[in-house]
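# 3D, please:
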Amino acid sequence: MHRTHLKLLLWTLILPLLTCTTALAQERTLTGIIVDQSTGQPLSGVTVMVKGDPKSAVVTDNAGSFTIHASNAKATLQFSYIGYEASEFKAGANTNASTPIRISLKKTDKSLDEVVVVGYGGLVKKRDLTGAISVVKASDIVRSPTNDPLEAIQGMIPGADITKVSGKEGSGDSIHIRGTRTISGNTGPLYIIDGIQGGNINNMNPNDIESIEVLKDASSTAIYGSQGANGVIIVTTKRGTSGKAKINYNGYMGTNGFVQYPHPREGQAYLWLRREANVFTGLWNSPADDPKIFNAGELAAIAKNQWVDWPSLVTQNGLRQSHSVSVAGGSEKSRAYLSAGYYGDNGMIRFNNLKQYNLLLNLDQDLNKWMKAGVQAAMVYSVTNTRSADPYSLASTATPLGTPYDSTGHIVVYPIAGSTVMSPLSDDRGPLIATNTSSATQTTINAHLDVNPIKGLNFVTRFGANFLSNRTGQYFDSSALEEINNKYTYATQTTNNNRFYEWDNVLTYNKQIGDHSFTLTGLTTYTQSVKESLTAGGTGLLYSSQLFYNLNGAPNNRFQGSNYIRTNNMSYAGRLNYSYKGKYLLELTDRYDGASILSAGHKNYNFPSAAVGWRLSDEKFMEPANAISNLKLRFSYGVAGNSGIPAYGTQSVLSVQQMGFESVNAPAYIFNPNIGNAALGWELSRTADVGIDLGLWKNRVDLSVDLYNTNTDHILLNRTLPPSLGVSTTFQNVGSSQNRGIEVGLNTRNIDGPRFKWLSTISFMSNQEKITKLINGTSIIDGTDAENNSLLIGHPIHSFYNYKKLGIWQSGEAAKAGALVFGTTPFTPGTIKLADLNHDGKISPDSDRTYIGSQVPKWSLGFQNTFIYKNFDLTVYVLVRWGQMINDKVLGRFDPTGKTNNGPEYFSYWLPNHPSNDYPMPKAGATLSNYPGSTTLQYVDGSYAKLKTATLGYTLPRSLLKKAFMTSLRAYVTCNNIFVQAKSRLIKQYDPERGGAEDSPLSRQLVVGLNVGF
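Numbering: from 1, shown residues only. The predicted model follows:
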């Protein structure tokens, strides 16, 4: 390499890390504050940039302040903000950082100049968008105090169905954009964090996020090809600014222990279920017969009134807190943003806790007039301790009798005298009894070089690497709940080391010719993923103090295993954006993807898309319609792909097993249960989208509506094979599905006065999905879990297949019940009434099981209202999810004997003198599975409306802030999961957003927070 070229390369790599450079004579730093013209209040989130230089854009902070670097001595600054007129300011010879500029923005109907990120560094004004893209800004992301960015935007994105999957510390979310189209692999969206894949949005500090863009239609996601088949979420973090350093603190603290969980039976409610179950056998007729059905220990506890509320003993009022400090500043050429955060959550379960530490550094460096560079480094470290055994299930089903603690306050392992049933508190005796600890470190490094050799031409090369290292260690004493059956000590440790690399090269050319505007983009992107894991464990450990750190101390049943997975993707893409007079818009995109995960000859595929837009509001014939401030029609069509199968899933792989011949070990090689399929190809989705954007009365009403239809072919499925083949499964392209729906986003300024404001946001979606075709033309009934995993033609992928429960057979229906049989057994009053779908007088699995519902809601709605009076603000958010069914495991906890397992106190069961249509008649010696159709009891309409969040805040006036040397201060109190109303009367004391699982229910939270700027 020539020495001159070598020097240039070295300076290119080193200069982004420098913190200061020498400014050119004509360069200057400009500072200022932007306020509302009518109220004088500062405006945060205003975009400020040097005219003609989009890369210079900065955003005002909470105090409305900005600092921007201008390379031209007489630069013109442009200001844009949704709901306000765009404004310009031409810097004079005497304008500099020591004389701050004061800009007043006027509210207007021109809310369409806000810049939206569209992928691979593309920036498009909102007015020029042709695709379906929703944007959430920083001010909305931090409105709800949470450590989970997705939970923070729940209900704000039309078309994005976001639900909280667990109340456990550090748990994530389930998100589907425009429904589910695929069966195998990841059904969630692709996340792009500062231009790079492979990051984890769940562990990001929400205070570091500048904006979140959600790309939904094929035109918007096409630039990401197959990786964007399920939608794309682009996360942009905050950057540094030139000038005086700005310091911000954001923190909150509160409790999260108000658990919503059904209370189990105690006292007479518990006694009578046990007694009624034995009335059927003739064993019990009066309390004098109690010794026949209760053991001596239970009778002694009943006599002493030793009833135990186990759920209250395994739970606590946990403490949740978050603290984040950020510093943004820099010189004229170097800008930096540094933030550090801590999040701690002592959970609702004793000894459950999470500690997470975040660190983010963004550096931007101007190398010269035509070259810039930047580096981002982020690190997240977390430690999580959880109970391995599910305490809610144990506590809610345990016999509510005995003595949980002895006279010295120590836990009694067997609380009922003479019983061998362990206490749900057994693991609370300390970490040497049960330990389940996970630690993880995720490091992301992202560097880019931005070159503008000539006007209109821009080249960006970006390299990113993501490293994840985690370790999970478990230790269980022989007296731990996990070892309730085995009764020996057990320890295991699993470590994972994952690496992800991405290298992007993007060339963009902008050209304006008269009324014609062109933007051409070409790119290449290469990604590589490597995953390594190692697991080891054993039993019979002699020293509990070593926990899982010395597995050599496990002399018995030792085991170990390791794994290595590597995948690569190489892609090429091009995009054309064309605009004529700003009214007629066209976008063409094409991407060519190659995935190593697929079979030879099927690895590569082409994914094109096209979109057009027409801004009718700019036409002359619309001038008489004064009420319409914005009207745009959009249409897009495109193809996306999915290669979502496990690595090596197309191959037949050998595995080794150790065999013994007398005392000699010998390896044996066998095929893995999954057999390869050399013909496996891409799953393809073709999507058409029709949209309309409408603004009324100077955009006081801003409406966006999209109708879409997606047809997916060659769906990938790991299909079960006949046992006679010697292998169990294979991946195949088995069928087709259809997703169609409507999504509506509505923003209104209902009252917009100088002292009082009322703002509303409505997000609505309705998605209808169904399987339209399967191999052999018939539904696929899963042989292991038919109720939950069957694929039914004409219904959503996530559907439930079961009998239809009509209630309970009543005494007056004895003859009718007896005429219907299950196998050879007739039904009787007090048993579950099932629908005889083919009217043959028999209830059979083949003819009478059918589609009973789906996890997919018929519609969902997010409704947020913000009220501002002087310095006070109140935000109330309501979430509605309607028309879905859930598999409520709590409802399946009915024990007809009343002895083996306890259950919720509100369960209403059938008795001859107390008819009910909820649960069958109790019977001693029976199990719930003895009742035909017992699994139908736990499938229920999961529709609900929830008052999700309410926040009351107060912002200190600027006149008082100056005296305290602060730029902003806001205090607030927030309540989460305040109230939920389920449609079904069977769902009580339980938040159905959890989806029916009984472990880790959702809780109510109350937090107090503070935002301070200096």
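
# Asn498: neighbour count?
Burial of Asn498, expressed as a neighbour count using other Cβ atoms under 10 Å, amounts to 17. For glycine as for every other residue, the C-beta is placed from the backbone atoms N, C-alpha and C.

# please name the bridge partners of it.
As for beta bridges, Asn498 partners with Leu468, Lys531 under DSSP bridges.

# any figure for the gap between it and Asn466?
As judged by Cβ to Cβ, to the nearest Å, Asn498 and Asn466 stand 8 Å apart.

# the stretch 901-1014 of the chain: strands as residue ranges?
Defined through DSSP state E, counting those that start in this stretch, the strands belonging to the stretch 901-1014 of the chain, from first to last, are 939-941, 944-955, 968-982, 1003-1013.

# host element of Gln768?
In the assignment (DSSP states H and E), Gln768 maps to strand 756-774.

# same question for Leu313.
For Leu313, the secondary-structure element it belongs to, assigned by DSSP H and E, is helix 310-314.

# can you check Asp836 too?
Asp836 belongs to no helix or strand, assigned by DSSP H and E.

# residues in contact with the helix holding Leu313?
Taking Cβ atoms under 8 Å, 6 or more residues apart in numbering as the criterion, the residues outside helix 310-314 that touch it are 259, 261, 263-264, 349-350, 391-392, 394-396, 398, 400, 404, 424-425, 428.

# ditto for stretch 824-837
Contact with stretch 824-837 is made by 803-811, 813-814, 817-822, 842-843, 847-848, 850, 910-912, 920-921, 931-934, 936-937, as judged by Cβ under 8 Å, 6+ apart.

# OK, contacts around the closest residue in space to Thr255 that isn't next to it in sequence?
The spatially closest residue to Thr255, leaving aside those adjacent along the chain, is Asn317, at 5.1 Å (Cβ to Cβ, 6 or more residues apart in numbering). Residues in contact with Asn317, defined by Cβ under 8 Å, 6+ apart, are 255-258, 348.

# circling back: which of the strands of the stretch 901-1014 of the chain sits most buried?
Of all those, strand 939-941 has the most neighbours on average by mean count of other Cβ atoms under 10 Å, namely a mean of 22.

# any idea how far that one is from the chain center?
The offset between the C-alpha centroid of strand 939-941 and the centroid of the whole chain comes to 23 Å, using Cα atoms, centre = their mean, to the nearest Å.

# tell me what it is packed against?
Strand 939-941 is packed against strand 850-854, strand 885-887, with contacts defined by 3 or more Cβ pairs under 8 Å, 6 or more residues apart in numbering; DSSP states H and E.

# name the helices or strands packed onto the longest one?
With contacts defined as 3+ Cβ pairs under 8 Å, 6+ apart, the secondary structure elements packing on strand 850-854 are strand 799-802, strand 885-887, strand 939-941.

# could you do the last one as well?
Strand 885-887 makes packing contacts with strand 850-854, strand 939-941 when contacts are defined by 3+ Cβ pairs under 8 Å, 6+ apart.

# dump the ones you listed to a markdown table, plus mean pLDDT.
Conversion of those to a markdown table gives the following (pLDDT from 0 to 100):
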| stretch | mean pLDDT |
| --- | --- |
| strand 850-854 | 96 |
| strand 939-941 | 96 |
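
# what's the lowest-pLDDT member of the contacts of Asn317?
Comparing pLDDT over the contacts of Asn317 singles out Gly257 as the least confident position, at 67.

# buried stuff in stretch 868-883?
Neighbour-count burial for stretch 868-883, with 16 or more other Cβ atoms under 10 Å as criterion, is recorded at 868, 873, 875-883.

# and the contacts of it?
Outside stretch 868-883, the residues within contact range by Cβ under 8 Å, 6+ apart are 143-144, 154-155, 161, 163, 755-759, 857-867, 942-957, 983, 993.

# that older thread, want to throw the helices and strands packed on strand 885-887 into JSON lines with distance to Asn186?
JSON lines is the format used below for these (distance: least, Cβ to Cβ, whole Å):
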{"stretch": "strand 850-854", "distance to Asn186": "20"}
{"stretch": "strand 939-941", "distance to Asn186": "27"}
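
# what sits against the nearest residue to Glu298 once chain neighbours are set aside?
The shortest distance from Glu298 to any residue other than its chain neighbours is 5.7 Å, reached at Leu401 (Cβ to Cβ, 6+ apart). With contact taken as Cβ under 8 Å, 6+ apart, Leu401 is in contact with 298, 301-302, 306-308, 415-416.

# can you pick the most crowded of the residues you listed?
Pro415 (26 neighbours).

# tell me which element that one is part of?
Per DSSP H and E, there is no helix or strand for Pro415.

# doesn't Ser423 make contact with it?
Yes: between Pro415 and Ser423 a contact is recorded at 4.9 Å, counting by Cβ atoms under 8 Å.

# list the residues that contact both of those two?
Taking Cβ under 8 Å, 6+ apart as the contact criterion, the common neighbours of Pro415 and Ser423 are 402, 404.

# separation between the spatially most central residue of the chain and Asp713?
Centrality entry for the chain: nearest residue to the mean C-alpha point is Asp173, 2.8 Å, by Cα atoms, centre = their mean. Summarising the geometry, the distance separating Asp173 from Asp713, computed by Cβ to Cβ, is 29 Å.

# out of the helices and strands packed on strand 885-887, flag the one nearest Gln268.
Evaluated with Cβ to Cβ, those place strand 939-941 nearest to Gln268, the distance being 27.0 Å.

# adjacent strands (with direction) for that closest one?
Each strand that pairs with strand 939-941, with its direction, by DSSP bridges: strand 885-887 (antiparallel).

# distance between the partner strand and the chain's centre?
Chain-centre distance of strand 885-887: 19 Å, with Cα atoms, centre = their mean.

# which parts of the stretch 801-950 of the chain are helices?
Along the stretch 801-950 of the chain, counting by DSSP state H, counting those that start in this stretch, helices occupy 814-818, 845-848.

# with adjacent residues omitted, what lies nearest to Arg634?
The nearest residue in space to Arg634 (Cβ to Cβ, 6+ apart) is Gly691, at 3.9 Å.

# what are the ranges of the strands in the stretch 601-750 of the chain?
Listed in chain order (using DSSP E, counting those that start in this stretch), the strands of the stretch 601-750 of the chain are 604-615, 628-642, 654-661, 664-671, 674-675, 683-696, 701-720, 729-752.

# avg pLDDT for the last one?
Regarding strand 729-752, the rounded mean pLDDT is 91.

# for the second one, same thing?
Per-region confidence: strand 628-642 scores 91 on mean pLDDT.

# and that strand, what does it pack onto?
For strand 628-642, where contacts count as 3+ Cβ pairs under 8 Å, 6+ apart, the packed elements are helix 218-221, strand 584-595, strand 604-615, strand 683-696, strand 701-720.
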